[in-house]
Every structure is written in structure tokens, then in C-alpha cells.
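**Student:** requesting a structural model of the entry that follows:
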Amino acid sequence: MLTNILNDINSVLAPRVCFGCNAHLNGGEKLLCTICRNDLPLTDYTFNDENPVDRIFYGRINIKKASSMLFFSEKGIVRELIHHLKYKNQEEVGTFLGDWYGQVLKENHELLNSIDLIIPVPLHKKKLRQRGYNQVASFAQRLAFHLNADYVDNILIKTANTKTQTKKGRIGRWQNTKDLYTLSDPSYLKDKRILLVDDVITTGATMEICARTLAQATNTTLYITSMAVVP
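**Tutor:** Numbers count the residues shown, from 1 in each chain. Reported below is the predicted structural model:
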């Protein structure tokens, strides 16, 4: 009762606005107004049929299946959501999307019974201290809840504070001298079926390096997903 009253007071003093269009949110709306939520560019990709996310990784890494929830563009609702998540301390965006996509994915009963571990693409410890949280964590945690899997964020470790997603040539040069990611305990992953999770897939370079690192463990089966993918 008291919580509801305080929420009502907060809504009056600091009205909640839609992350997509900045309109005031009505009762029952969360993060997005109904119009923006209906306008979200859902991919409709699951882990059943072949899709364009699978094709990003063909001939590059050995994965069982790949997917993504949303299409990302430089202008639009998805960019605003992920911007708030990464740079404005709005971790609830990840929870919101994770619960939504988790409900979709658990309808795939084969996937529901297949995933042992869900692992987020990690931040370097310096970046983690600066931001205070891994922007992928809340999304991955909710997927783990819905898929009855264990969320694990202390096995895959990033060893350097460098960007990995857009300049694959730079990544290649880095790999020639040192592994960008490493495993703290490869034996823990033995025989595990793993879902690797990121925020946005662009070239797939980050996921490729993380997947190769996870594959160093014995007999792993790897799935990949993300909040969004660049078409």
C-alpha cells in the first residue's frame, strides 16, 4: 500500500516518460508507451528455423544456432532503449527485454530443455568499475530464469579494455599477441550447452572471439543470442 502511494507521488513529481518518444507513460505502461512497444522491430527469429543471424557466423565458428530479438538501426526505438541501458543506468531495460524474449524462447521446448549455462559477453574489469554493471547482465539473467538455466558471469573473462565489435582487423592484430578473452575454469564448461548473450551483433566479431574462447573447453555446444542485430 505504502509502496503504491510512493510510486504515485513519484509519478507526479517526476513523471515517467517513454524511452522511445518521451511521452508520459500511462498506468500499466513500463519503459515504453503502448504505441512504441507495438512499433518495436521484432525479428521473429527463434532457435528453430535458419535465419540471417545464423548466416553471420557461417564458416567462422561452430555454433548450434543463433538468434536475436530486435533489429537495430542508428535512429529508432531500439537505439534509444540500448542507449539508456548502457549509458544512463537504466538496467531495467535489460530486465524488460529479457522477460519479453525469455517468454518467447521458452515456447521452444527443445531449447528450454537444452541450455545448461547462460553467459554474458563480459566487460573488462576497468570498464565494469566505470559503468557499475554489465549492460548485458540483466537481459541474460532473465533469459536464464525463463529457460531454467544457470547464469554464469565469472568464467569468460575479458583481458583488455579495448573495443571489439566494429574493427575486426584490429581484433586480429590483438589476437596475434594475446588472447582478448580467457576462461577462468575451462573444466566447469565441460560437456555444457551454453547460450552466449550480447547486446548488439554488428559484424559478429565479438561473439566470434568469445565463442572460440568458450570452445577451448571440452565438448561444449554453443548457442548465440542478443538483444538486437544490425540488419
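**Student:** okay, now the unreliable bits of this protein?
**Tutor:** Scanning the chain for pLDDT under 70 picks out the ranges 1-15, 163-178.
**Student:** quickly list the domain ranges of it.
**Tutor:** 1-39, 40-229 (automatic domain parsing).
**Student:** give me whichever of those domains is most buried.
**Tutor:** Looking across those with neighbours counted as mean count of other C-beta atoms under 10 Å, the highest average goes to domain 40-229: a mean of 18. (Each C-beta comes from the backbone N, C-alpha and C, glycine too.)
**Student:** could you check how far the longest helix seen in the chain is from the centre of its chain?
**Tutor:** As far as residue count goes, and with DSSP state H defining each element, the longest helix of the chain is helix 92-105. Centroid separation for helix 92-105 versus its chain: 10 Å, with C-alpha atoms, centre = their mean, to the nearest Å.
**Student:** got the CA coordinates for it in PDB?
**Tutor:** Coordinates of each C-alpha in helix 92-105 appear next as PDB, following Å, rounded to 0.1, in the frame of the first residue of the first chain:
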ATOM      1  CA  GLU A  92      15.500  -2.300 -16.100                       C
ATOM      2  CA  VAL A  93      15.700  -2.100 -19.900                       C
ATOM      3  CA  GLY A  94      17.600  -5.400 -19.900                       C
ATOM      4  CA  THR A  95      15.100  -6.900 -17.500                       C
ATOM      5  CA  PHE A  96      12.200  -5.700 -19.600                       C
ATOM      6  CA  LEU A  97      13.600  -7.200 -22.800                       C
ATOM      7  CA  GLY A  98      14.900 -10.300 -21.100                       C
ATOM      8  CA  ASP A  99      11.500 -11.200 -19.700                       C
ATOM      9  CA  TRP A 100       9.800 -10.500 -23.100                       C
ATOM     10  CA  TYR A 101      12.300 -12.600 -25.100                       C
ATOM     11  CA  GLY A 102      12.500 -15.200 -22.400                       C
ATOM     12  CA  GLN A 103       8.800 -15.800 -22.700                       C
ATOM     13  CA  VAL A 104       9.200 -16.100 -26.500                       C
ATOM     14  CA  LEU A 105      12.100 -18.500 -26.300                       C
END
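**Student:** other residues contacting it?
**Tutor:** 19, 30-31, 46-47, 67, 69-70, 81-82, 84-85, 111-112, 135-143, 145-147, 225, 227 (C-beta atoms under 8 Å, 6 or more residues apart in numbering).
**Student:** residue 20 against residue 34, yeah?
**Tutor:** No. With contacts counted by C-beta atoms under 8 Å, residue 20 stays clear of residue 34, the gap being 10.7 Å.
**Student:** can you list contacts of stretch 114-131?
**Tutor:** Counting by C-beta under 8 Å, 6+ apart, stretch 114-131 makes contact with 86, 134, 136-137, 139-141, 143-144, 147-153, 155-162, 181, 189, 192-199, 206-207, 210, 214, 223, all of which sit outside it.
**Student:** return the residues in contact with residue 215.
**Tutor:** Residue 215 makes contact with 61, 62, 222, according to C-beta under 8 Å, 6+ apart.
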